[in-house]
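Enquirer: Here's my sequence, what's the structure:
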Amino acid sequence: MKKPSRGCFWILGIICVAILIVVVLDTFLPSKAVRNLPEGATDIQEHYEDVGFTGDFVRVVKARIPESEVAEYARRVGATRKEAGGAGSDYFSWTGAASWFAPENPPMYFHYEPGYRILVGWEDGYVYFDAAAW
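Expert: The predicted model follows:
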């Protein structure tokens, strides 16, 4: 008599372990936006929300850094375009994803591609990072 195959259980077990690893890493590893902050960054706040399995998300970060380090931070997170009156003055606006995230000036640096954008700005001693996908 032939033993029943348990191949299906192995596959399900591997998938469950992989999902667990992703959840644990996502919980304990800082985001790229936080990892790329300069070493002396303080008062770091981060908010992330997603819309289930669609891939839509919003991530905002606020941290105290010197204005002289904003351009390098923007480059490190991929917001490499800069416009002379502020990148967001005509086309982009900040996400109101968290009550503490309320910059008044338009973004200084940005990256845009269809369905995804990154904004970086600085005011009153704080850098503001805003990434969204839709």
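Enquirer: Which helix runs longest in the protein?
Expert: As assigned by DSSP state H, the longest helix anywhere in the chain is helix 7-28.
Enquirer: From the rest of the structure, what touches stretch 31-39?
Expert: 44, 46, 48, 59, 61, 63, 65-66, 69, 72-73, 76-77, 127, 129, 131 (CB atoms under 8 Å, 6 or more residues apart in numbering). For the C-beta atoms, the positions are set from N, CA and C on the backbone; glycine is no exception.
Enquirer: and if we set it to 6 Å?
Expert: Applying CB atoms under 6 Å, 6 or more residues apart in numbering, the contact partners of stretch 31-39 are Glu46, Val61, Ala63, Ile65, Glu69, Arg76, Val77, Phe129.
Enquirer: next SSE after the longest helix of the chain?
Expert: helix 32-35 (DSSP states H and E).
Enquirer: Quick one: list the elements packing against the helix or strand hosting Lys62.
Expert: Assigned by DSSP H and E, Lys62 belongs to strand 57-64. The elements that strand 57-64 packs onto, with contact taken as 3 or more CB pairs under 6 Å, 6 or more residues apart in numbering; DSSP states H and E, are strand 42-50, strand 126-133.
Enquirer: Output the shortest one as PDB - backbone C-alpha positions only.
Expert: C-alpha atoms of strand 126-133 as PDB (Å, rounded to 0.1, in the frame of the first residue of the first chain):
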ATOM      1  CA  TYR A 126      12.500  69.200  10.600                       C
ATOM      2  CA  VAL A 127      12.700  67.100   7.400                       C
ATOM      3  CA  TYR A 128       9.400  65.800   6.100                       C
ATOM      4  CA  PHE A 129       9.300  62.600   4.000                       C
ATOM      5  CA  ASP A 130       6.000  61.600   2.200                       C
ATOM      6  CA  ALA A 131       5.800  58.500   0.000                       C
ATOM      7  CA  ALA A 132       2.500  57.200  -1.500                       C
ATOM      8  CA  ALA A 133       1.500  54.600  -4.000                       C
END
